[in-house]
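1. Fold the following and give me the result.
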Amino acid sequence: MLVKVYGAAIHGVSAQIITIEVNVDQGVGYHLVGLPDNAIKESSYRISAALKNSGFKIPGKKITINMAPADLRKEGAAYDLSIALGILAASDLIKYENLNDYIIMGELSLDGSLQPIRGVLPIAIKAREDGFKGIILPKKNAREAAIVNQLDVYGIDNIKEIIDFFNEDIALEKFEIDTRKEFQDKIDHFPFDFDEVKGQEAAKRAMEVAAAGGHNIILIGSPGSGKTMIAKRLPSILPTLSLKESLETTKIHSVAGKMGAETSLITIRPFRSPHHTISDVALVGGGSYPQPGEISLAHNGVLFLDEMPEFKRTVLEVMRQPLEDRVVTISRAKFTIEYPASFMLVASMNPSPSGYFPDDPNNTSSTVEMQRYMNKLSGPLLDRIDIHIEVSKVEYEQLTEKRKGESSASIRARVNKARDIQNERYKDSDINYNAQMGSKEMEKYCELDEYSQLLIKAAMAKLNLSARAYSRILKVARTIADLENSENIQGDHISEAIQYRSLDRDFWNV
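-> This next block holds a predicted model:
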């Protein structure tokens, strides 16, 4: 007898329906075809033990299993439950009239219990799009799938429950959550706040400008000056995630297997801080079976590179294209995958190998050592970082000040007003904020008066800035103008934006 069961495969951050055809016939043998990987090929052992420990067994007949489309490679143990139910149904051991109404996925343990799987959110979205009545999956994944409305979600602990469900011996309990309430309840829960930062008013102002326009920023200062502390608080002043952005971000984390059992939606902007030993593939994504990298996990959020010069140069250089295009394309011989990568890059570094130049009069680093240290960062990469800001040492009086600084909520209110202006400005385009402006938008929205033109011309000549640095100055100036609710860019906006570009020339050429 031939029976079809439906599962799904992950392709990038989307899902594709997989039809698992199980045919049980006279003879002996177990044949699994359709480009399965080793984890799927080993499923027969897990299925056999799970069924035996649940009161069933694989029939001693010829079993042929095809995973269609047969030319698409399948991977992972998430098809165990689908294959097991197909074998039982094709052997007439369970009723299967309603089997085709559901997407069924889950990894089996030897005792019949189910382990959580990856990519549940895109699978659930695909199930609803293709008109399936519901999805049956491990209970630990049910909360994540339940954010997709108009889809029945059933979470189960073991294979015996689903067998009884199809035999109509028991009714499974539908898992339901109020997606919008879940989202609204958690969007303002931040672990850090800017009111904990002592002093550093210039750095906080630079972070406010960066947040308002979505600009990349690098913090330069000696150890202990507060660079990491400031960077960790950036998500708390960024505009809150929209529901659409939350779903986009959650899909990526779901595919990467980063969702916890109690997490349904990612409601605050991601903050990813990889170690400096990270590889190119781990940062950008890819591998034999492509997975999202750190820059995709930071989508709609922040990627923080602490001590940036300590990262391998090749790792830093692979970020150049994603910083411009905001997407990562991974190409293989038979397929191409795109992962979204619209993130804010926040980097920090010391001004010298010893870390204390120019404050330490007894600087132990030679000129050659300092030049070699600075040269770890290429000019093209630095040009893609809009704001360079020096973080100075915090004085004793500031550290012992009892009065708290300005709160993240207060700063975020100003950022939100600036973003509202940008949303209105770019409502008829694909642009979301100033950092994404192209030459066409800059020509339209970044007109300069004569004084501003003279300022930027002098800065380019004195600092030897590139054409890309010129465009970055205009974008930052446009953001500063938005923060002040100014329709036109003024001279003081240009002056402040130029200050955020000068450090790359002061320090890089020691």
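
2. for the strand ranked longest in the chain, packing partners?
-> Secondary structure of the chain read by DSSP state E shows that its longest strand is strand 14-25. Packing contacts for strand 14-25, counted by 3 or more C-beta pairs under 8 Å, 6 or more residues apart in numbering; DSSP states H and E, involve strand 2-11, strand 62-68, helix 80-90, helix 120-129. In this view, the C-beta of every residue, glycine as well, is placed from N, C-alpha and C.

3. Which strand residues bridge the closest residue in space to residue 11 that isn't next to it in sequence?
-> Nearest in space to residue 11, with sequence neighbours left out and distances taken as C-beta to C-beta, 6 or more residues apart in numbering, is residue 337 at 6.7 Å. For residue 337, the beta-bridge partners under DSSP bridges are residue 330.

4. Give me the distance between the residue nearest to residue 14 when sequence neighbours are not counted and residue 245.
-> In this structure, residue 14 finds its nearest non-sequential neighbour in residue 122, 5.5 Å apart by C-beta to C-beta, 6+ apart. Look at residue 122 and residue 245: by C-beta to C-beta, to the nearest Å, they are 16 Å apart.

5. What of residue 42?
-> Per C-beta to C-beta, residue 42 is found 38 Å from residue 245.

6. For these two, indicate the residue with more neighbours.
-> Taking neighbours as other C-beta atoms under 10 Å, residue 42 and residue 245 compare with residue 245 leading, 18 against 14.

7. ok, and what's touching the host helix or strand of that one?
-> Assessed by DSSP states H and E, residue 245 sits inside helix 243-255. Taking contacts as C-beta atoms under 8 Å, 6 or more residues apart in numbering, the residues outside helix 243-255 that touch it are 10, 12-13, 118-122, 125, 144, 147, 179-180, 183, 241, 259, 264-267, 269-270, 291-292, 296-297, 299-301, 339-340.

8. so of those, which ones are in strands?
-> Short answer: the contacts of helix 243-255 in strands (DSSP E) are 10, 291, 292, 339, 340.

9. Chain neighbours aside, what residue packs nearest to the most centrally placed residue in the chain?
-> The centre of the chain sits closest to residue 297, judged by C-alpha atoms, centre = their mean, with a distance of 2.3 Å. Of all residues not flanking residue 297 in the chain, residue 272 sits nearest, at 5.3 Å (C-beta to C-beta, 6+ apart).

10. For burial, what's the neighbour tally of the one you found?
-> Counted with other C-beta under 10 Å, the neighbours of residue 272 add up to 18.

11. residue contacts, it?
-> By C-beta under 8 Å, 6+ apart, the contact set of residue 272 is 294, 295, 297, 298, 301, 302, 303, 304.

12. Which of the residues you listed sits closest to residue 323?
-> Nearest to residue 323 among the contacts of residue 272, counting by C-beta to C-beta, is residue 295 at 8.8 Å.

13. what's the distance between that closest one and residue 301?
-> 10 Å.

14. overlap in contacts of those two?
-> Shared contacts of residue 295 and residue 301 (C-beta under 8 Å, 6+ apart): 272, 343.

15. so residue 153 is in which element?
-> strand 152-156.

16. After that strand, heading C-terminal, what element do we hit next?
-> Counting by DSSP H and E, what follows strand 152-156 is helix 159-166.

17. now that next one against strand 152-156, angle please.
-> 140 degrees (axes from the mean of the first three to the mean of the last three C-alpha atoms, to 10 degrees).

18. Would you mark the buried spots in helix 159-166?
-> Buried residues in helix 159-166, counted by 16 or more other C-beta atoms under 10 Å: 159, 160, 161, 162, 163, 165, 166.

19. And the pLDDT at the last one?
-> Model confidence at residue 166, given as pLDDT, is 90.

20. Show the pLDDT at residue 268.
-> Residue 268 carries a pLDDT value of 87.

21. count of residues packed around it?
-> With neighbours defined by other C-beta under 10 Å, the count for residue 268 comes to 19.

22. who touches the residue nearest to residue 14 in this structure?
-> Residue 122 makes contact with 8, 10, 13, 14, 15, 251, 254, 255, according to C-beta under 8 Å, 6+ apart.

23. What is the burial count for the fourth one?
-> Other residues near residue 14 come to 17 when the count uses other C-beta under 10 Å.

24. Identify the bridge partners of it.
-> Beta-bridge partners, per DSSP bridges, of residue 14: residue 11.

25. if I look at it, how far off is residue 232?
-> For residue 14, the distance to residue 232 - C-beta to C-beta - is 32 Å.

26. again with the third one
-> Counting by C-beta to C-beta, the separation of residue 13 from residue 232 is 26 Å.

27. The first one too?
-> To residue 232, residue 8 is 36 Å away according to C-beta to C-beta.

28. which of the two has more neighbours?
-> Set residue 8 next to residue 232 and count neighbours by other C-beta under 10 Å: residue 8 wins out with 27 against 18.

29. Walk me through the domains of the protein.
-> 2-177, 185-508 (automatic domain parsing).

30. Mean pLDDT lowest where, among those?
-> Looking at the domains of the chain, the bottom one is domain 185-508 with a mean of 86.

31. now that domain, how far from the centre of its chain.
-> 15 Å (C-alpha atoms, centre = their mean, to the nearest Å).

32. returning to what we had before: just checking, what packs against the helix or strand just after the longest strand of the chain?
-> Downstream of strand 14-25, the first helix or strand assigned by DSSP H and E is strand 29-33. Other helices and strands packing on strand 29-33, by 3+ C-beta pairs under 8 Å, 6+ apart, are helix 43-52, strand 62-68.

33. one more time with 6 Å
-> Other helices and strands packing on strand 29-33, by 3 or more C-beta pairs under 6 Å, 6 or more residues apart in numbering; DSSP states H and E, are strand 62-68.

34. Strand partners (parallel or antiparallel) of the strand it packs on?
-> Partners of strand 62-68 in the sheet, by DSSP bridges, are strand 14-25 (antiparallel), strand 29-33 (parallel).

35. residues near the residue lying closest to residue 215 once chain neighbours are set aside, how many?
-> Using C-beta to C-beta, 6+ apart and skipping residues adjacent in sequence, the residue nearest residue 215 is residue 386, 3.8 Å away. A count of nearby residues for residue 386, using other C-beta under 10 Å, gives 29.

36. wait, what's in contact with residue 386?
-> 215, 216, 472, 476 (C-beta atoms under 6 Å, 6 or more residues apart in numbering).

37. Quickly find the element holding the last one.
-> Using DSSP H and E, residue 476 falls within helix 467-483.

38. Run through who's touching that helix.
-> 209, 212-213, 215, 383, 386, 418, 421, 434-435, 437, 442, 446, 489, 493-494, 496-498, 500-501.
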